[in-house]
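[1] sequence-free structure coming up:
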């Protein structure tokens, strides 16, 4: 399924959160990653992120769409993320 | 339709961008807004944002799903946005 992750985490944990996200998804913007993941991989990502975040302070929102064609995506301004930025 | 907007804009323009977004969508996180908009309202939002962003530097990604039921949403950690934070 198509996955979009946006995060709002404390500065001291941002690098750790990004490191984990990069292993599963593509960086698209300062606070957003996206990609295709199975339910199992998404569950794995959840566990990995819970190892680094403080769930009382940090917030991660995960939007999923089971059929990627259901989600449309537009860019206003410049496209920041690209495959070159991944890993 | 259901709309999720994530932005990555220069510090000096963040407040202006947020002020415009707040008029159309709900704040959910540091760099993310979401809500329900018609195609016409989304086009209006686009025009309003282009008045404040520098499209050569700033980036706004807009995800849309025509049927809100197609998009699932999970929160890992805390829920930051709430109706209390809107306007």
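    Cool, the structure landed. Since this is a predicted model, take the numbers as computed values, not measurements.
[2] Whichever helix in chain A runs longest: which residues count as buried?
    As assigned by DSSP state H, the longest helix anywhere in chain A is helix A:39-52. Of all the residues in helix A:39-52, those buried under the rule 16 or more other Cβ atoms under 10 Å in any protein chain shown are A:42, A:45, A:48, A:49, A:52. Yep, even glycine has a C-beta here, placed from its N, CA and C like the rest.
[3] Check which element follows that helix along the chain.
    Sequence-wise, the next helix or strand downstream of helix A:39-52 (DSSP states H and E) is strand A:59-65.
[4] for the very next helix or strand once past that following strand, packing partners?
    Next helix or strand after strand A:59-65 toward the C-terminus (DSSP H and E): strand A:71-77. Other elements packing on strand A:71-77 under the criterion 3 or more Cβ pairs under 8 Å, 6 or more residues apart in numbering or on different chains; DSSP states H and E are helix B:39-50, strand B:59-65.
[5] Show me which residues of chain A sit near chain B.
    A:4, A:6-9, A:28-32, A:46, A:49-50, A:53-67, A:70-80 (Cβ under 8 Å from any Cβ of the partner chain).
[6] looking at it, residue A:58 is touching residue A:6, isn't it?
    No: in terms of Cβ atoms under 8 Å, residue A:58 does not count as a neighbour of residue A:6; the distance is 11.9 Å.
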